[in-house]
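> the sequence and its predicted three-dimensional model are supplied below.
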Number of protein chains: 2
Amino acid sequence: MNEQADKTGGGGRYPAFDLAHFTPYRMALAAQLLSETLAAQYRERYGISVADWRVLVHLAYAGKASVRDIQNRVVMDKSTISRTVSRLEERGVVSKRENPKDRRLLLLSLTEAGEAMMTDVLPMATSFQARIQAELGPQFAALEAALQSLIDAYGGGEP
Amino acid sequence: MNEQADKTGGGGRYPAFDLAHFTPYRMALAAQLLSETLAAQYRERYGISVADWRVLVHLAYAGKASVRDIQNRVVMDKSTISRTVSRLEERGVVSKRENPKDRRLLLLSLTEAGEAMMTDVLPMATSFQARIQAELGPQFAALEAALQSLIDAYGGGEP
DNA sequence: TTGACTTCGTTGCAGCCGCAACGATATTTC
DNA sequence: GAAATATCGTTGCGGCTGCAACGAAGTCAA
C-alpha cells in the first residue's frame, strides 16, 4: 500500500481519469478473468487454447461447418481459424475434408477422438456457466441484458 | 441466412451448447467491441495501441510511476509494459529516468508532448464513457455492479 | 464458351504477447 | 560487513495474431 500516485503530473491540466473506473477497461478485465479461469481448466487437461476451444465448441454444436461458417458465428479472423483447424487436425480431433458440393469449402467435423474429448470438456463449460450464474444471482439477468445492449449497439451482428 | 448447423454431429452425445449464449464468450465479445470502437479513434489520430493507451492513461493519472506501479494497477505483463514504455519514449511522449532513491526503479512520466497529447485524448475517453452510460441508461448501474462482482470473485485484486 | 468478378481458405510478413532467465540493485540475515 | 535472498526491469524465445496478397474454385454475363 505504498507508492501512492501523486496526481500532480499535469498540474490539473486534464480531468482526473482513473482507468479502474473506465467501463471498457473493466469489461476487458472481467472478460480476461473469466476466460483465464475457464481456460486454465481445459488447458491443464487437454492443452487446449481459447482459439481451439472456440472452434471445437462450434463444431460440437454444429456438427459440420466450413471455415466461413465458423467465422460467421465466432469472432475470429479466418486466418486464425485456418491455422487453429490445422493444429487440431494434426492432433487428430478434427477432420478436414473437401466439400464435394463446392470444392472451395472445407467440411470440418470432430473425429471420434474429438467427440470423446468434447464429451468430457463441454460439461466443464456448462458447470462454469452455472457457477457464474449462481455467483451473480439476480445480477446475472441484468448483466446478460446489458451485454446484449452493448453487442447490439457496437455491431456484434453483421458489419 | 443459409448454412444452418445440422446439430447432428455427435448424435446428441453431449448437451447442446451454443457459444453465443456463453457468458465468458459474450463478455469477451463485448469487451472487444468496446475496445475496438474506442481504439479506432485514438489509433487514427495518434497511432496509439491499446497497450500504449493504458500506460499513457496511468501516467496521466498518477503523474509519476515505475513499471511496477503500472503493473499493480493495470493488468499487463511487466515485459509488455517495459516494451511499451520504450516505444513511447522513442516517440517522445514519455520520459524514462532512473529513480535516485532506488536505482532499480524507473521514474516514468509524460513529457510536455505527452501531456499535450493526453489533453487531447482524454476527453475522447471521457465522452466515450458518457456515451456508453447514455446508451445503457438504467442498465449501466447494473452492469457496473455485475462487473465488480465478477472481478471480485475471480481475483481482480491481488493474487 | 469465355472472360470478368466473387468467394473461400492458405500463407508470408510484421508485430505483439507471455514466460522464463538474467544482470543489476536493495534488503535481510547472521 | 558479507553472503544469501528478494525486487525491478530487460531481453531472448516461441507462439499467436491480424492484415494483405494470393491461387483455386465457383458464379455471372454476354
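That came in fine, so what should we check first?
> measure residue A:15 to residue B:58 for me?
According to CB to CB, to the nearest Å, residue A:15 and residue B:58 sit 15 Å apart. Just so you know, the C-beta spots here come from the backbone N, C-alpha and C atoms, and that holds for glycine as well.
> please apply the same query to residue A:44.
For residue A:44 relative to residue B:58 (CB to CB), the value is 33 Å.
> show me which of these two is the more surrounded one.
For residue A:44 versus residue B:58, neighbours defined as other CB atoms under 10 Å in any protein chain shown are more numerous around residue B:58 (25 against 9).
> contact partners of whatever helix or strand the more buried one lives in?
Here residue B:58 is covered by helix B:50-62, with elements defined by DSSP states H and E. The contact list for helix B:50-62 (CB atoms under 8 Å, 6 or more residues apart in numbering or on different chains) reads A:5-7, A:9-10, A:14, A:16-19, A:22, A:25, B:35, B:39, B:42, B:48, B:65, B:69-70, B:73-74, B:76, B:80-81, B:84-85, B:87-88, B:93-94, B:108-110, B:114-115, B:117-118, B:121-122, B:125.
> which of the residues you listed fall in strands?
Assignment to strands by DSSP state E places the following of the contacts of helix B:50-62 there: B:94, B:108, B:109, B:110.
> can you pull out the low-pLDDT segments for chain A?
A:1-12, A:156-159 (pLDDT under 70).
> and it, which residues reach DNA strand C?
Taking CB under 7 Å from any atom of the strand as the criterion, the neighbours of DNA strand C within chain A are A:66-68, A:71, A:78-79, A:81-83, A:85-86, A:96, A:104-106.
> out of these, who's near chain B?
Applying CB under 8 Å from any CB of the partner chain to these, one finds that A:66, A:68 fall near chain B.
> restrict the residues of chain A next to DNA strand C to the buried ones and give me that as a ChimeraX selection.
Buried residues among those (16 or more other CB atoms under 10 Å in any protein chain shown), as a ChimeraX selection:
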select /A:66,67,71,81,85,105,106
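> which residue ranges of chain A form helices?
Taking DSSP state H as the criterion, chain A carries its helices at A:23-46, A:50-62, A:67-73, A:78-91, A:112-136, A:139-153.
> a markdown table please, covering these and showing distance to residue B:29.
Output for the helices of chain A, formatted as a markdown table (distance: least, CB to CB, whole Å):
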| stretch | distance to residue B:29 |
| --- | --- |
| helix A:23-46 | 8 |
| helix A:50-62 | 11 |
| helix A:67-73 | 11 |
| helix A:78-91 | 15 |
| helix A:112-136 | 15 |
| helix A:139-153 | 6 |
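> now stretch A:101-119: buried residues?
Those would be A:105, A:106, A:108, A:109, A:110, A:111, A:114, A:115, A:117, A:118, for stretch A:101-119 by 16+ other CB under 10 Å.
> mind putting the residues you listed in CSV, distance to residue A:132 included?
Below are the buried residues of stretch A:101-119 laid out as CSV (distance: CB to CB, whole Å):
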residue, distance to residue A:132
A:105, 36
A:106, 33
A:108, 29
A:109, 29
A:110, 26
A:111, 30
A:114, 26
A:115, 26
A:117, 23
A:118, 20
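> what's the closest of these to residue A:146?
residue A:118 (30.2 Å; CB to CB).
> relative to residue A:45, how far out is the closest residue to that closest one other than its chain neighbours?
In this structure, residue A:118 finds its nearest non-sequential neighbour in residue A:60, 4.5 Å apart by CB to CB, 6 or more residues apart in numbering or on different chains. Distance of residue A:60 to residue A:45, given as CB to CB: 16 Å.
> tell me which of those two has more neighbours.
Under the criterion of other CB under 10 Å, the comparison of residue A:60 against residue A:45 puts residue A:60 first, with 26 against 12.
> returning to what we had before: let me know the closest of the residues of chain A next to DNA strand C to residue A:142.
residue A:71 (30.7 Å).
> for the nearest residue to the closest one once chain neighbours are set aside, what are its contacts?
The spatial neighbour of residue A:71 that comes closest, neighbours along the chain excluded (CB to CB, 6+ apart), is residue A:78 at 5.1 Å. Residues near residue A:78 by CB under 8 Å, 6+ apart: A:67, A:68, A:71.
> next: residue A:14.
B:60, B:115, B:118, B:119, B:122, B:123.
> please identify the buried residues of stretch A:32-44?
A:32, A:33, A:34, A:35, A:37, A:38, A:39, A:42.
> still on that earlier bit, identify the farthest-apart pair in the buried residues of stretch A:101-119.
Applying CB to CB across the buried residues of stretch A:101-119, the maximum distance is between A:105 and A:117, 24.6 Å.
> please tell me how far residue A:83 sits from residue A:76.
For residue A:83, the distance to residue A:76 - CB to CB - is 10 Å.
> what do you get for residue A:60?
Distance check for residue A:60 against residue A:76: by CB to CB, it reads 16 Å.
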